[in-house]
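S.K.: need a structure here:
(one chain, ligands or ions: 2)
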Amino acid sequence: MEPMFSPPLHRQRHQFVIDFVKRNKSKKVVDLGCGECSLLRKLKFHREVELLVGVDIDGAKVKKRMHDLVPISTDYLQPTYDQLCIELYQGSVTQSDSRLRGFDLVTSIELIEHLTLPDVEYFSEVVFGYMTPVAVIVSTPNSEFNPLLPGLKGFRHTDHKFEWTRAEFQSWALKVSLKYGYEVEFTGVGEAPTGHDERVGFCSQIGVFHRLMGRDGCNILFAGDAIDVFSYTLLYSINYPSLHDNNILRRVLVTEVLYWAENLRRRWIEEKTGERDDCYTQCQAEGGDQCPGSSEQDMEMQEKQTAHGAEMNHLMEHRGRALLEYQAGEGDEEFWTKGKGKQESSTLQRSVSVPLAVLWTSCPKVGALSGSLSNLRRLLMDGPEVKLSQDGSALLVNLQEQGTYSSVSFKCVTFDL
Ligand SMILES: C[S@@+](CC[C@H](N)C(=O)[O-])C[C@H]1O[C@@H](n2cnc3c(N)ncnc32)[C@H](O)[C@@H]1O
Ligand SMILES: [Mg+2]
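M.R.: Residues are numbered from 1 along each chain as shown. Ligands and ions are numbered 1, 2, ... in the order given. As a prediction, the model looks like this:
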């Protein structure tokens, strides 16, 4: 038999919620009667959502698929500034729990018909009277559509306690709205197939409730109500990696900086062995046009200096000085730093000194992640992964293969990252 709805009805119901979340930019969403978390799995991909909570009376059902909600490897490898926390609870919608207050959206998809009528009253009190979200979406079967469902006798599911006509659903919804300060619009998903009586309405009827006080009413409602009630059992909680977390920001920044550092080290070695790499400029001349401050890259850098303010100017001047000092020095070693390790007495620990200002202006990702040069310095100083010069203005990139290139002579190198 051909499926009656395409896409299937459960998908249409979930899509209805997703469209609402996108339109209203709901940040905190709780799905009541979340079952095996299929709606939550879809909602987690919507960047507007920051807190996603699922509640179901059947803990085993929730646990069955809850691990599908864990972050995937790209969430760790390429974290963004988006934030997402997911929490799953075992509990009944007839009981209140203070962790579920202050939400933008509460969804109850095909849940209420599984409650007895007295429990529907508790549900109304908990959701509209206690949780007081900005919006509520309730879906439930429309019994007027049932004659169109082939072979159906009685209710659509053996666990259903009732199935309402549109008038019954609307009567409950209007009563609740009036009592708790909401307005409601009625719609649905699953239209009658062509050739059938369309007057029966949608297969799943939906009420969309909006709190009359809007978003700002929330805090007023909470004032003076300080008693915390924890009646649900937390089954699962996960914080997705986000660049708002300083540790994660540092990790990504350091990875990026190390990547560039390795590039530089490689290029330096290529340069020394005579393999020209056009990605950076080697200046052979002593003074003259080719020296720092006059190449195209340096002119571009100077333009950037203006844009990045006084601190940048200071560091760029510093960089200029470092390069000029090198020019005036006796050889390549001037541009390298002496190590403090075991080898100090016999050899030089050779490093390339890369001014952080160069990294910051030339690597867009490093610039974007750190925000400012002083932030970049602070973040890099916070951990042992990278080595900075004594004054913290430059990254020291170790040239492991010491002494190999001593016969190559050049005066200064400007890195173009
Ligand atoms: C028909 S399923 C709907 C699942 C899901 N909302 C969906 O759209 O696919 C109804 C769910 O409500 C849950 N449920 C029934 N009574 C409940 C109660 N008092 N509190 C919380 N969840 C309840 C059931 O365990 C079941 O997972
Ligand atoms: Mg049902």
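
S.K.: where's the closest residue to ligand 1 within the stretch 151-300 of the chain relative to ligand 2, distance?
M.R.: Residue of the stretch 151-300 of the chain nearest ligand 1, by C-beta to the nearest ligand atom: H157 (6.8 Å). To be clear about C-beta, it is placed using only N, CA and C from the backbone, and glycine gets the same treatment. Between H157 and ligand 2 the distance is 5 Å, computed by C-beta to the ion, to the nearest Å.

S.K.: distance of that residue from F230?
M.R.: According to C-beta to C-beta, to the nearest Å, H157 stands 31 Å off from F230.

S.K.: follow-up on the earlier one: what sits against the residue of the stretch 151-300 of the chain closest to ligand 1?
M.R.: Residues counted as contacts of H157 (C-beta atoms under 8 Å, 6 or more residues apart in numbering) are E113, H114.

S.K.: for A60, grab phi and psi.
M.R.: phi -60, psi -40 (degrees, to the nearest 10).

S.K.: model confidence at it, what's the number?
M.R.: On the pLDDT scale, A60 is placed at 98.

S.K.: end to end, how far does stretch 105-114 reach?
M.R.: 21 Å (C-alpha to C-alpha, to the nearest Å).

S.K.: now that stretch: mean pLDDT?
M.R.: On average, stretch 105-114 scores 98.

S.K.: got it, and stretch 70-78?
M.R.: 91.

S.K.: please apply the same query to stretch 163-179.
M.R.: Stretch 163-179 comes out at a mean pLDDT of 98.

S.K.: make 53 the starting number, not 1.
M.R.: From this message on, residue numbering opens at 53, which makes the last subject stretch 215-231.

S.K.: residues contacting it, please?
M.R.: With C-beta under 8 Å, 6+ apart, stretch 215-231 has contacts from 165, 172, 176, 180-181, 190, 192-196, 198, 207-208, 234-236, 238, 253, 257, 259, 261.

S.K.: redo that, cut-off 7 Å
M.R.: 165, 176, 180, 192-196, 207-208, 234-236, 238, 253, 257, 259, 261 (C-beta atoms under 7 Å, 6 or more residues apart in numbering).

S.K.: just the buried residues out of these, in ChimeraX syntax.
M.R.: ChimeraX command restricting the contacts of stretch 215-231 to the buried ones, with burial defined by 16 or more other C-beta atoms under 10 Å:
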select :165,176,180,192,193,194,195,196,208,234,236,253,257,259,261
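
S.K.: from the contacts of stretch 215-231, which land in strands?
M.R.: Within the contacts of stretch 215-231, residues falling in strands by DSSP state E are T192, P193, Y234, E235, V236, F238, Q257, G259, F261.

S.K.: residue contacts, I164?
M.R.: V172, F175, V190, T192.

S.K.: hmm, H166 and the last one touching each other?
M.R.: No - in terms of C-beta atoms under 7 Å, T192 does not count as a neighbour of H166; the distance is 9.6 Å.

S.K.: does the nearest residue to K77 once chain neighbours are set aside count as helix, strand or coil?
M.R.: With sequence-adjacent residues excluded and distances taken as C-beta to C-beta, 6 or more residues apart in numbering, K77 is closest to E100, at 4.6 Å. Put simply, E100 is coil when judged by DSSP: H, G, I helix; E, B strand; the rest coil.

S.K.: tell me which parts of this protein are close to ligand 1?
M.R.: Proximity of the chain to ligand 1 is confined to 62, 85-87, 90-91, 107-110, 113, 144-146, 161-163, 166-167 under the rule C-beta under 6 Å from any ligand atom.

S.K.: which of those residues count as buried?
M.R.: 62, 85-87, 90-91, 107-109, 113, 144-146, 161-163, 166-167.

S.K.: circling back to that earlier point, narrow the residues of the chain next to ligand 1 to those in strands?
M.R.: V107, D108, I161.

S.K.: pipe those into a markdown table and attach distance to V304 per row.
M.R.: Formatted as a markdown table, those follow (distance: C-beta to C-beta, whole Å):
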| residue | distance to V304 |
| --- | --- |
| V107 | 34 |
| D108 | 36 |
| I161 | 37 |
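
S.K.: quick check, nearest of those residues to ligand 2?
M.R.: The nearest member of these to ligand 2, counting by C-beta to the ion, is I161 at 9.0 Å.

S.K.: give the contact list for that closest one.
M.R.: I161 touches R65, V69, L91, S191, counting by C-beta under 7 Å, 6+ apart.

S.K.: quick check: the farthest pair among these?
M.R.: Greatest spatial distance in these: L91 and S191, 10.9 Å, computed using C-beta to C-beta.

S.K.: circling back to that earlier point, what subset of the contacts of I161 is also close to ligand 2?
M.R.: Among those, no residue is within reach of ligand 2 (C-beta under 5 Å from the ion).

S.K.: top of these by neighbour count?
M.R.: Greatest neighbour count in the contacts of I161, by other C-beta atoms under 10 Å, goes to S191: 28 neighbours.

S.K.: touching, that one and F254? I think so.
M.R.: No - with contact defined as C-beta under 7 Å, S191 does not reach F254; the gap is 9.4 Å.

S.K.: residue in the stretch 153-302 of the chain nearest to ligand 2?
M.R.: For the stretch 153-302 of the chain, C-beta to the ion, closest residue to ligand 2: E162, 4.1 Å.

S.K.: quick one: contacts for the nearest residue to that residue once chain neighbours are set aside?
M.R.: In space, and not counting its chain neighbours, E162 is closest to S191: 5.8 Å by C-beta to C-beta, 6+ apart. Listed by C-beta under 7 Å, 6+ apart, the contact partners of S191 are R65, I161, E162, S256, Q257, I258.

S.K.: how many neighbours does the last one have?
M.R.: Other residues lying near I258 total 21 when counted by other C-beta under 10 Å.

S.K.: low-confidence ranges, the stretch 203-352 of the chain, go.
M.R.: Low-confidence segments of the stretch 203-352 of the chain, defined by pLDDT under 70: 266-278, 327-352.

S.K.: which positions in it make contact with ligand 2?
M.R.: So the stretch 203-352 of the chain meets ligand 2 at H209 (C-beta under 5 Å from the ion).

S.K.: now the helices for the stretch 203-352 of the chain?
M.R.: All helices of the stretch 203-352 of the chain, identified by DSSP state H, counting those that start in this stretch, fall at 218-232, 269-274, 298-324, 348-380.

S.K.: can you check what pLDDT the model gives L448?
M.R.: pLDDT, L448: 85.

S.K.: ok but it is inside a strand, no?
M.R.: Yes - under three-state DSSP, L448 falls within a strand.
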